[in-house]
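**Q** Predicted model, plus sequence, below.
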Amino acid sequence: MRIRTALAHLAFKVAFSTLLPAAAMAAAPVYTIQGFAPGTALKTFEGVNASGVVVGDSDHGGKGTLADGVVTDLRHSGGGSSGMTFINDLGDVAMTQRDLSAPHGSIASLFIDGQRTRLTKMGTAAGINSKRQVVGLDSGFSRPVIYDNGAYRRLRLLKKDQGSIPSGINDDGVVVGVALEGNKSRPALWDASGEPHYLGSVSKVGYGTARAINNLGQVVGCTDVIGCYVFEAGHFEHLPPAGALGWIDVRGISSSGIVLGVASASDDVVYCQGESHVLEDLIAGDEHGHWELWAWAIGPAGHIVGSGRRDGVPMWFLATLASDCGAH
C-alpha cells in the first residue's frame, strides 16, 4: 500500500469497524491475487474476460493471451500498437495497430481463433463484445463506427456534436463514449439502433466522460458536476469515497456492477453495493500489506488485472473475486 496513505487507511478501518455493525462490513468483496514475475507470462496485463483469460503484450514483440499459465502469441499482432487491447468472453481480441498506409497511421484489427482480420474502415479499436462486434473510430477519426461480421456501420453524431469518441460496447450493441463540444466533452450513449443520446443536460450533469457499459446497461464515468457515477435507467448514482479518498476516474464495470477506478491519492478503488473500498484492503491474506497495486482493467466476472509490487518485487497481477458483495 502506498506509504502516504497507509496510515490514513488503517485509522479509517479501525474507526469504521467500531462505528458500524458487523452486517454493514460484510458488503465488501474479497479478492485472491496471483502474481507473475517479469519473463514468466505477458509483458503487460491490459484486459481480462469472464473466464480470467488475460490479454497484453507478449515477450515476442506482439500481443498475446494468458490462460491457466499458458501464453499464446497472436500472429501478425506486432509492428507496433497503440492504446489498450480488448478481449471478449469468447477469447477474441480487438486492438489498434500502426499502419503507415492508413489515413491517420493506424488501423484496428480483430483476432478470432488467432486469425487476424484487418478492419480497414476503422482507425482505432475501443471495445469488443461477445457477438464479435468491434467499436472504434472510423478511418477518418471523425465518428464512432461498429464492425459487425464484415459490415461497417457509422454511428450518428448529436446535434451540437463536433466529433465523438467511443469507449465501450455491451452485448446488446449499446455504445458509450463522449461527444465533443469545443474543447469539452459530454458523456453520450448510442442505443442498439445507433441513435445518439446525451446522458443528461449540461446544467444537471456537466461535462465529462462515459467510460464503460455492462450488459445490464449500467454506465460508469465522471463529470465535473456529478463526480464519478453509475448511470442506470436515467438515474445517476454518485460513487461515494473510500474513507477519505474520493474518486477521480473510472476504469470499468463488471457484469454485476462492481466498479473499478482511481482515488485522489492514486489508490485503486472498488465500488460495490453502495460502498467504496481501497482495492489493496480487499486482498485475502494480505493483512500485512505485501502488495502495492496499480489496476488497469476489470472484467465481466470481476477479475482485475494490472501491475504491482509484492514485497518490493515488480509483478503483473490477476485478482480473482473470491466472494462478491455481501456473500461472506
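**A** Arrived safely. Numbering: from 1, shown residues only.
**Q** what's the pLDDT at Leu321?
**A** With respect to pLDDT, Leu321 has a value of 94.
**Q** For it, name its beta-bridge partners.
**A** With DSSP bridges as the criterion, Leu321 is bridged to Tyr31.
**Q** just checking, it touches Ile298?
**A** No. Contact status for Leu321 versus Ile298: not in contact, 9.8 Å apart, counting by CB atoms under 8 Å. The C-beta positions use only the backbone N, C-alpha and C, and glycine is treated the same way.
**Q** Look at Phe317 and tell me its secondary structure.
**A** Look at Phe317: counting by DSSP: H, G, I helix; E, B strand; the rest coil, its state is strand.
**Q** Run a quick neighbour tally on it.
**A** Residue neighbour count, defined by other CB atoms under 10 Å, stands at 24 for Phe317.
**Q** ok, now which ones touch it?
**A** Contacts for Phe317 (CB atoms under 8 Å, 6 or more residues apart in numbering) come out as 33-36, 45, 291, 293, 305-308.
**Q** how far away is it from Asp73?
**A** Distance, Phe317 to Asp73, by CB to CB, to the nearest Å: 21 Å.
**Q** just Ala212 next, same as before
**A** Distance check for Ala212 against Asp73: by CB to CB, it reads 27 Å.
**Q** what's the answer for Ala108, then?
**A** 19 Å.
**Q** Give me the more crowded residue out of these two.
**A** Higher neighbour count among Ala108 and Asp73: Ala108, with 30 against 17, using other CB under 10 Å.
**Q** Leu119 contacts Gly136, doesn't it?
**A** Yes. Counting by CB under 8 Å, Gly136 is a contact partner of Leu119 at 7.4 Å.
**Q** So how do I select the buried members of the contacts of Phe317 in ChimeraX?
**A** Of the contacts of Phe317, the buried ones go into a single ChimeraX selection, burial set by 16 or more other CB atoms under 10 Å:
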select :33,35,36,45,291,293,305,306,308
